[in-house]
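Q: Give me the fold of what follows.
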Amino acid sequence: MVTTEAELKNRYGRVQSVSGPVVVARDCAASMYELVRVGAHRIVGEVIRIEGVRVTVQCYEATDSLAVGDHVERTGLPLTVELGPGLMSSIMDGISRPLETIARVSGSVFIPRGVDVPTLDRARRWEYVPEERIRPGTLVTGGDWIGRVQETPLITHRVMVPPGTMGTVVRAAPAGAYTITEPLLDIEWQGERRQVCMMHRWPVRQPRPIAEKLVAHEPLLTGQRVLDTLFPSVLGGTCAVPGAFGVGKTVISQALSKYSNSDAIVYVGCGERGNEMAEVLRDFPELKMTLPDGEQVSIMNRTLLVANTSNMPVAAREASIYTGVTIAEYYRDMGLHISMMADSTSRWAEALREISGRLAEMPADSGYPAYLSARLASFYERAGRVACLGAPERIGSVTLVGAVSPPGGDFSDPVTTATLSTVQVFWGLDKRLASRKFFPAVNTSISWSKNIQALETWYEQHFPEFPAIRQTVRQVLQAEEDLNEIVALVGKDALAESDKVTLAAANMIREDCLQQNSYTAYDAFCPFYKSVLMLRNIVSWYEMALRAVGEREGEAGGRGGASRLTYATLREEQSELLQRLARMKFMEPTLGEASIRTELDALREDVAKSFRDHDWAL
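A: You can find the predicted model right below:
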């Protein structure tokens with residue numbers, strides 16, 4: 001086919017100016033958010049502004065080789081990601097290029113500019129099993145399952161009709177081994193025939209369509225006791241993890257990736273330090289999880305990593321966030337519960353700030369663009385529990401967890417403020433706790449969750465006693481703050497005996513329950529039932545001790561009189577029992593729920609027996 005001069009003119013523009021990652025091109029008839037290739041190296045860029053015959057492009061690779069007059073080539077497509085089997089267990093950069101393939105093609109540990117490799121392997125064959133109902137004459141529409149592929153031991157990949165496609169099946173491929181580009185269905189609609197294969201593309205900035213957005217009511221169980229019990233999130237919720245440098249944001253994000261009850265994980269390292277991302281790339285393939293049949297498999301079988309470190313071009317940070325959430329939505333449409341970790345959204349916002357500054361836009365607070373809150377909100381709004389398009393009927397969810405890195409841990413930072421006005425759960429990290437090696441360093445005074453009410457029905461069905469336990473724990477921790485102020489002024493000896501019991505219970509909750517050691521088998525992950533039983537036993541001791549000390553104080557003539565039962569006596573008489581309460585965390589989850597429940601139920605009985613044997617109040 002001969003390309004005319006007019007078509008060539010319409011296809012190409014010329015570089016007019018270069019300012020860091022921002023390139024202005026003239027005589028370029030591109031569309032908004034169209035993908036372009038810039039210069040001799042064919043650097044990847046995206047159109048972000050159109051002014052007459054001039055367009056502004058943000059480049060996702062280094063632009064130091066560009067010169068005025070270089071070609072700007074239109075692609076006619078927006079920034080898209082390839083969706084199909086082979087995504088899980090892969091590692092890609094911010095614009096969905098697989099790093100392993102790049103290393104093999106380039107023969108270098110560095111990513112060469114303009115390298116153009118497909119996200120998915122075109123040569124690999126997958127064992128395809130078609131759905132029984134798919135046969136010639138069947139009417140299919142967007143989102144319908146047409147078959148399945150065992151992508152990894154943990155993920156059964158459902159091959160779906162792309163959204164916006166419909167028609168009557170003319171030909172259906174039988175079971176067998178196919179590549180991702182071989183047609184599996186021929187469909188016809190209004191005289192037009194189309195082919196459906198395992199792979200399709202989707203624009204990263206456009207949310208994938210759904211049938212209905214539903215109320216989320218199942219918990220995201222992270223294995224971290226302080227998060228699961230005091231500040232829970234739902235599957236399909238939004239969480240923010242702000243904190244200063246070194247307080248454990250990345251560690252919490254990785255713990256969620258390793259142990260949460262999500263079906264699959266999309267981990268986006270957005271502008272974080274290279275050594276952190278290198279640690280993730282090194283550790284994740286070595287982590288194992290146990291299948292129901294007892295087989296040990298790598299956790300990478302349910303994990304996709306997007307590596308976009310701080311030494312990569314800043315504009316690619318923005319693309320990496322959208323790439324990650326689009327892939328998460330794709331797996332959600334299969335009826336899976338997906339968690340996406342964005343580490344960190346502060347670096348993403350810094351990319352917005354740099355691009356905005358180079359565009360000479362009017363800055364808002366701290367130099368960030370005025371549309372920062374809107375961009376954050378549009379990102380977090382892509383989370384949720386949904387009824388998916390197509391048949392069969394199914395429900396999936398995307399949970400978004402964004403780490404935020406405010407300078408100096410200042411939570412009044414614009415990014416943190418805008419995030420907290422959008423998300424449902426706030427896990428605030430405290431530098432003082434981190435300096436004491438207290439992990440997770442979650443400050444229970446400032447953290448909150450809006451999901452408590454949504455989870456009440458689930459608690460009633462599975463752990464009916466837990467809401468009352470949680471309420472008591474919150475009251476004890478709140479009372480501890482007030483009492484610590486008094487202790488700082490007049491000393492601990494001036495407290496009433498009941499207040500000393502409260503302080504002791506708060507210390508047990510913090511040190512013996514909420515604190516975890518991620519380097520141990522017994523504490524790296526804690527099942528929810530174990531968390532509930534541990535708190536139940538501590539709360540049982542607290543309530544019995546409070547009644548015993550309170551009644552003895554009453555017998556002695558009121559709060560100011562000499563109590564016949566002091567906290568010191570209680571601690572001395574029950575020293576062995578208190579040691580057993582402190583050792584509850586050392587029970588390994590591998591023992592199984594029945595064994596752990598039996599032992600912790602026996603401990604609660606021993607607590608009650610101790611108070612009865614000493615003739616203390618019950």
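Q: Now for residue 614: which residues touch it?
A: For residue 614, the contact set (CB atoms under 8 Å, 6 or more residues apart in numbering) comprises residue 573. All C-beta spots, glycine's among them, are computed from the backbone N, C-alpha and C.
Q: Which of the helices or strands spans the closest residue to residue 369 other than its chain neighbours?
A: Taking CB to CB, 6 or more residues apart in numbering as the measure, residue 369 lies nearest to residue 356, with 3.9 Å between them; neighbours along the chain are not counted. Under the criterion of DSSP states H and E, residue 356 resides in helix 345-358.
Q: still on that earlier bit, separation between the residue nearest to residue 369 and residue 371?
A: Residue 356 sits at a distance of 8 Å from residue 371 (criterion: CB to CB, to the nearest Å).
Q: neighbour count winner among the two?
A: Residue environment comparison for residue 356 versus residue 371 gives the larger neighbour count to residue 356, 20 against 14, counting by other CB atoms under 10 Å.
Q: Next, the buried residues of stretch 591-599.
A: Using 16 or more other CB atoms under 10 Å as the burial criterion, the residues of stretch 591-599 that qualify are residue 596.
Q: What of stretch 77-89?
A: When burial is assessed from 16+ other CB under 10 Å, stretch 77-89 yields the following buried residues: 78, 79, 80, 81, 82, 83, 84, 85, 86, 87, 88, 89.
Q: Take those and keep only those in strands.
A: For the buried residues of stretch 77-89, membership in strands holds for 78, 80, 81, 82, 83, with DSSP state E as the criterion.
Q: Pick the one among those closest to residue 397.
A: Using CB to CB, residue 83 comes nearest to residue 397 of these, at 17.8 Å.
Q: how distant is the helix or strand where residue 250 lies from the center of its chain?
A: Taking DSSP H and E as the definition, residue 250 sits inside helix 249-259. Computed by CA atoms, centre = their mean, to the nearest Å, the separation of helix 249-259 from the middle of its chain amounts to 8 Å.
Q: Equivalent analysis for stretch 333-343, please.
A: Going by CA atoms, centre = their mean, the spacing between the C-alpha centre of stretch 333-343 and its chain's C-alpha centre is 7 Å.
Q: Got phi/psi on the closest residue to residue 39 other than its chain neighbours?
A: The shortest distance from residue 39 to any residue that is not its chain neighbour, by CB to CB, 6+ apart, is 4.3 Å, and that residue is residue 70. Torsion angles at residue 70 (phi, psi; degrees, to the nearest 10) stand at phi -60, psi 150.
Q: Distance check, residue 70 against residue 63.
A: For residue 70, the distance to residue 63 (CB to CB) stands at 10 Å.
Q: more neighbours, those two?
A: A side-by-side neighbour count of residue 70 and residue 63, using other CB under 10 Å, places residue 63 first with 23 against 19.
Q: Isn't the more buried one up against residue 21?
A: Yes. In this structure, residue 63 is within contact of residue 21 by CB atoms under 8 Å, at 6.2 Å.
Q: Can you pull the residues that touch both of those two?
A: Common neighbours of residue 63 and residue 21 are listed as residue 313 (criterion: CB under 8 Å, 6+ apart).
Q: ok so, going back, does anything pack onto whichever helix or strand comes after the helix holding residue 250? Which helices or strands?
A: Proceeding C-terminally, helix 249-259 gives way to strand 264-272 as the next helix or strand, assigned by DSSP H and E. With contacts defined as 3 or more CB pairs under 8 Å, 6 or more residues apart in numbering; DSSP states H and E, strand 264-272 has these neighbours: helix 249-259, helix 274-283, strand 303-309, helix 315-332, strand 337-343, helix 345-358.
Q: Isn't residue 250 up against residue 347?
A: No. At 12.0 Å, residue 250 and residue 347 do not qualify as touching, with contact defined as CB under 8 Å.
Q: Compare neighbour counts for the two and give me the winner.
A: Using other CB under 10 Å as the criterion, residue 250 and residue 347 rank with residue 347 on top: 26 against 23.
Q: pretty sure the more buried one is touching residue 273, no?
A: No. Between residue 347 and residue 273 no contact is recorded; they are 9.9 Å apart, counting by CB under 8 Å.
Q: Can you check which residues contact both of the two?
A: residue 310.
Q: pLDDT score assigned to residue 618?
A: Reported pLDDT at residue 618 in the predicted model: 50.
Q: The closest residue in space to residue 161 that isn't next to it in sequence: what's it in contact with?
A: Distance criterion CB to CB, 6+ apart; nearest residue to residue 161, sequence neighbours excluded, is residue 144 at 4.7 Å. Residue 144 is in contact with 160, 161, 390, 391, counting by CB under 8 Å, 6+ apart.
Q: Quick one: closest of the helices and strands packed on strand 264-272 to residue 193.
A: Minimum separation from residue 193 across these (CB to CB) falls at helix 315-332, 25.1 Å.
Q: Buried residues, the closest one. List them.
A: Applying a neighbour-count criterion of 16+ other CB under 10 Å, the buried positions in helix 315-332 are 315-332.
Q: same thing with stretch 491-505?
A: By neighbour count with 16+ other CB under 10 Å, stretch 491-505 contains the buried residues 495, 496, 497, 498, 499, 500, 501, 502, 503, 504, 505.
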